[in-house]
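Chemist: Provided below are the primary sequence and the corresponding predicted coordinates.
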2 protein chains.
Amino acid sequence: MNKPRRWSAETIAIGSELLLGGHLDTNSLFIAGQLAICGIELRYKTTVGDDVSDIVAVLKTAVRRARVVVLTGGLGPTVDDLTREAVACATDRRLGRRKVALDEMAARLAEWGRTPTTSQIRQARIPAGADLLSNPVGTAPGFAVIWKGSFLAALPGVPREMEPMVRESVLPKLQQWLRDQRAVGVTPMVRRVLHTSGVPESVVDQKLIGIIPKGSPIQLGIYASPMEIMVSLTGPAAINQLGAMSIDALFDEARDRLRDILYGEADDTMESVVGRLLGEQRLTLAVAESCTGGLIGHRLTQISGSSAYLDRVAVTYSNRAKVEMLGVPKDMIGRHGAVSSEVAAAMARGIRERSGTSIGLSVTGIAGPGGATETKPVGLVFVGLDGGTNAALTKEFRFHGDRQVIKQRASQAALDLLRRWLIGMSHR
Amino acid sequence: MNKPRRWSAETIAIGSELLLGGHLDTNSLFIAGQLAICGIELRYKTTVGDDVSDIVAVLKTAVRRARVVVLTGGLGPTVDDLTREAVACATDRRLGRRKVALDEMAARLAEWGRTPTTSQIRQARIPAGADLLSNPVGTAPGFAVIWKGSFLAALPGVPREMEPMVRESVLPKLQQWLRDQRAVGVTPMVRRVLHTSGVPESVVDQKLIGIIPKGSPIQLGIYASPMEIMVSLTGPAAINQLGAMSIDALFDEARDRLRDILYGEADDTMESVVGRLLGEQRLTLAVAESCTGGLIGHRLTQISGSSAYLDRVAVTYSNRAKVEMLGVPKDMIGRHGAVSSEVAAAMARGIRERSGTSIGLSVTGIAGPGGATETKPVGLVFVGLDGGTNAALTKEFRFHGDRQVIKQRASQAALDLLRRWLIGMSHR
């Protein structure tokens, strides 16, 4: 029944543009995962603009409720970059130029044939007594400081600079500090993730009912997004309580209960899983898209090395393009409509035959908001797959949501149909 | 020199899944814009998990630093939806079922041929004395309450439910409350936005140097993202100070200074601007993509009605596909390589001729991380445009970033080349 004692963490993202949203936050998941390794739980996320007094106020609140505070952003060379000033002000430390920081910056810039500008030199200013955190990728160093019993780390906001700094500098320092604090009650946590597709949240919920034994310290999370339902198990890496199931055992149980709808684990995406299967089976793919408009091709080509299995994509938005690029019979479109099982099958066959690939995959549907008819509502989508002799199938879907969501769901459904076909599952 | 007095606002997003990031925050921009209409400035954004005591702690901090607090999420039917409980607990009010809320929910569900479930009935529980905020789209009502001198509104996290509730219910109540508070110093603010592309932040910065007169209450913001540099002007709608330039005058000045690199205003996106130009000029488009893998087609088809001008897209990922789908001469690929100005031109011409559209647009490049050669680095991209007789051009780009960023930048560059061609600008 006892939840393992966990220390709280807060992230503070600094930047006026972040207050306005429209940005995809990719830092939190990474930071949460890294902190969990040390037994620290991310419980608060704050965003604040480029204003010293606002940042100071947020810092003061953070150290009251979190023992670990990770600041991202505001370390660049411009006058809007105020994290250094704010931390110095809040912690009542002087800001001074740190020679090591300047030397490292100059060395990095020299590699690129440049010397530090006056603005960049500002980046070497660090609060007195703070530990320097080297930036192995960019020019702005970070720093760590202990203040009011909390561990504060300031890092750049750019993921490819921040991530190695957390792994290489912040974590070792934090772990040392935790030992110094004799934070013996802090339990290292692990988080395991499963990805499902094709069913609503309530179905996943139902399948997992009662999976966590009473009194277990492991927590179950079920998160819905337009393209999938993600399941997470979070808990202590080692369980010493008598009879308690380990997180590994529960993870296996969850995987088993979800096996029909599971497409991946951890960092898998549908396109990475499909790509892996195609690569392993040395199969090639061509895609014919209508309502998804290129999204399937875009997703498949997000994966490095996709040129090994993806030959081509035809986005046949007009009926004429379906006829000319895929050889869909004109009278078939007239008889059944472009959004039909028949046309989806002909599109998949057409792209496969014309490209000479092992598999043809197709999507046709009504993304809306226009284009619906009395019998064909917005969200009606047909997916077709053609794998050569006696290996063709189509499937009908009815999606809800706006144009963007319907495109996403249709692309996911098409890739999932292909995935199931590749692993030899009967199509459902 | 006096900044207009503005009241601060804080948004609190509730949901454990939001702590982990990976979500695109589309709510903040909307809420910030709506609050600005009332002269309220969004200064803090907090995210907190599904935990009553954490939410209570965050609420207490928020009312200390913000006069307006907008909570989103946590109003659904599941046991993880704890916003109602947390607000009741923090403000020391009883939670009771509100008849009007239940009636409205039942009426909405009846339209869909359903009746409220036990879980949904929980959604009608509202803190005593709070004002009910009707949800015209979904089943979960919101509520507003004044606590410790701050205006608190709790709303669903789903944008299409939250947005009409802010416009129709929250704003009128907030404006009335501000009047009751005799918040006479509160100045309604406006925010104007411009979008530029094709140049780095430093160029935009340089062009706008000194644009804001000394002592003006108007603030300039310059925000960089992989695809564009966005410029904002924020300030009081009306300026009474003698000699001060109005935000409209400054906006015109900014537009003039940026005219060569400006592609849109306000909610414009590159794909919406290109779509509008194609529609106005009654031109049709076909696209041949290589390294962008379908992203250009995906972006163009995010716009409703794009089927009027977009005929087809060929994603010719393999060289064979370039030959077969576009008629690019095989020996040209052998001589110049698939990533070359010559092949980009042949791709654009090929897709235009085969589709019979007014314009053919093409992209070929190296998205990386593999595929580079001694003379052709990762990030080398050629864009081609063919508009028929004597109207062909190509342009070379060298982008930095990872695979995803290079795809984004290449798609933006291609659409921008098309945009410039459509408005008859000489290509730069």
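Modeler: In hand now; what should we look at?

Chemist: check whether whichever helix in chain A runs longest contacts chain B.
Modeler: Determined from DSSP state H, the single longest helix within chain A is helix A:403-422. Yes. Helix A:403-422 reaches chain B (C-beta under 8 Å from any C-beta of the partner chain) through A:403-404, A:407. Every C-beta, even on glycine, is put in place using the N, C-alpha and C of the backbone.

Chemist: what ranges of the stretch 151-300 of chain A fall below the confidence cut-off?
Modeler: Low-confidence segments of the stretch 151-300 of chain A (pLDDT under 70): A:183-186, A:239-244.

Chemist: Could you rerun that using 90?
Modeler: By pLDDT under 90, the weakly predicted segments of the stretch 151-300 of chain A are A:158-160, A:178-192, A:199-203, A:205-206, A:213-230, A:232-248, A:266-267.

Chemist: those helices in it, which residues are they?
Modeler: Using DSSP state H, counting those that start in this stretch, the helices of the stretch 151-300 of chain A run over residues A:159-165, A:171-180, A:201-207, A:247-257, A:270-280, A:295-300.

Chemist: Can you tell me which of these is packed in deepest?
Modeler: helix A:295-300 (a mean of 28; mean count of other C-beta atoms under 10 Å in any protein chain shown).

Chemist: For the residue lying closest to A:G76 once chain neighbours are set aside, give me phi and psi.
Modeler: Excluding the flanking residues, the one nearest A:G76 by C-beta to C-beta, 6 or more residues apart in numbering or on different chains is A:A140, at 5.9 Å. Backbone torsions of A:A140, given as degrees, to the nearest 10, read phi -90, psi 110.

Chemist: One more: A:G371?
Modeler: Torsion angles, degrees, to the nearest 10, at A:G371: phi 90, psi -10.

Chemist: Next, the contact list for it, please.
Modeler: Contacts for A:G371 (C-beta atoms under 8 Å, 6 or more residues apart in numbering or on different chains) come out as A:378, B:307.

Chemist: Up against chain B, what does the stretch 101-250 of chain A have?
Modeler: With the criterion set to C-beta under 8 Å from any C-beta, the stretch 101-250 of chain A comes near chain B through A:160, A:221, A:223, A:225, A:230.

Chemist: And A:G297, how far from A:L361?
Modeler: According to C-beta to C-beta, to the nearest Å, A:G297 and A:L361 sit 10 Å apart.

Chemist: Equivalent analysis for A:K322, please.
Modeler: Going from A:K322 to A:L361 by C-beta to C-beta gives 15 Å.

Chemist: and the residue sitting furthest away from the middle of chain A, what element?
Modeler: Residue farthest from the centre of chain A, counting by C-alpha atoms, centre = their mean, is A:D331 at 43.9 Å. A:D331 belongs to helix A:330-336 when assigned by DSSP states H and E.

Chemist: next SSE after that helix?
Modeler: Taking DSSP H and E, what comes next after helix A:330-336 is helix A:341-355.

Chemist: ok, the helix or strand following that following helix: who's next to it in the sheet?
Modeler: Following helix A:341-355 in sequence order, the next helix or strand is strand A:359-365 (DSSP H and E). Strand A:359-365 has its sheet partners listed here by DSSP bridges as strand A:285-289 (parallel), strand A:380-386 (antiparallel).

Chemist: can I get those in a markdown table with mean neighbour count and distance to B:S306?
Modeler: Listed next are the strands paired with strand A:359-365 as a markdown table, based on neighbours: other C-beta atoms under 10 Å in any protein chain shown; distance: least, C-beta to C-beta, whole Å:
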| stretch | mean neighbour count | distance to B:S306 |
| --- | --- | --- |
| strand A:285-289 | 31 | 13 |
| strand A:380-386 | 26 | 17 |
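
Chemist: Same list (the ones you listed) but as CSV, adding distance to B:W421.
Modeler: Below are the strands paired with strand A:359-365 laid out as CSV (distance: least, C-beta to C-beta, whole Å):
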stretch, distance to B:W421
strand A:285-289, 26
strand A:380-386, 34
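
Chemist: Just tell me which of these ends up closest to B:G39.
Modeler: strand A:380-386 (45.7 Å; C-beta to C-beta).

Chemist: who does the helix or strand following the closest one pair up with?
Modeler: Counting by DSSP H and E, the next helix or strand C-terminal to strand A:380-386 is strand A:392-398. Pairing partners of strand A:392-398, with direction, according to DSSP bridges: strand A:380-386 (antiparallel).

Chemist: tell me the average confidence for the partner strand?
Modeler: Across strand A:380-386, the average pLDDT comes to 98.

Chemist: how distant is it from the center of its chain?
Modeler: 27 Å (C-alpha atoms, centre = their mean, to the nearest Å).

Chemist: Return that strand as CSV; C-alpha atoms alone will do.
Modeler: Extracted in CSV, the C-alpha atoms of strand A:380-386 (Å, rounded to 0.1, in the frame of the first residue of the first chain):
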residue,chain,number,x,y,z
LEU,A,380,-15.4,7.2,-44.3
VAL,A,381,-12.1,5.7,-45.3
PHE,A,382,-11.1,2.6,-47.2
VAL,A,383,-7.7,1.0,-47.0
GLY,A,384,-6.4,-1.4,-49.6
LEU,A,385,-3.4,-3.8,-49.6
ASP,A,386,-2.1,-5.8,-52.4
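
Chemist: For the stretch 51-200 of chain A, which segments count as strands?
Modeler: A:68-72, A:95-97, A:125-127, A:131-133, A:142-147, A:150-155, A:189-196 (DSSP state E, counting those that start in this stretch).

Chemist: Show me what counts as buried in the fourth one.
Modeler: Along strand A:131-133, these residues count as buried under the neighbour rule (16 or more other C-beta atoms under 10 Å in any protein chain shown): A:132-133.

Chemist: same question for that strand, mean pLDDT?
Modeler: 96.
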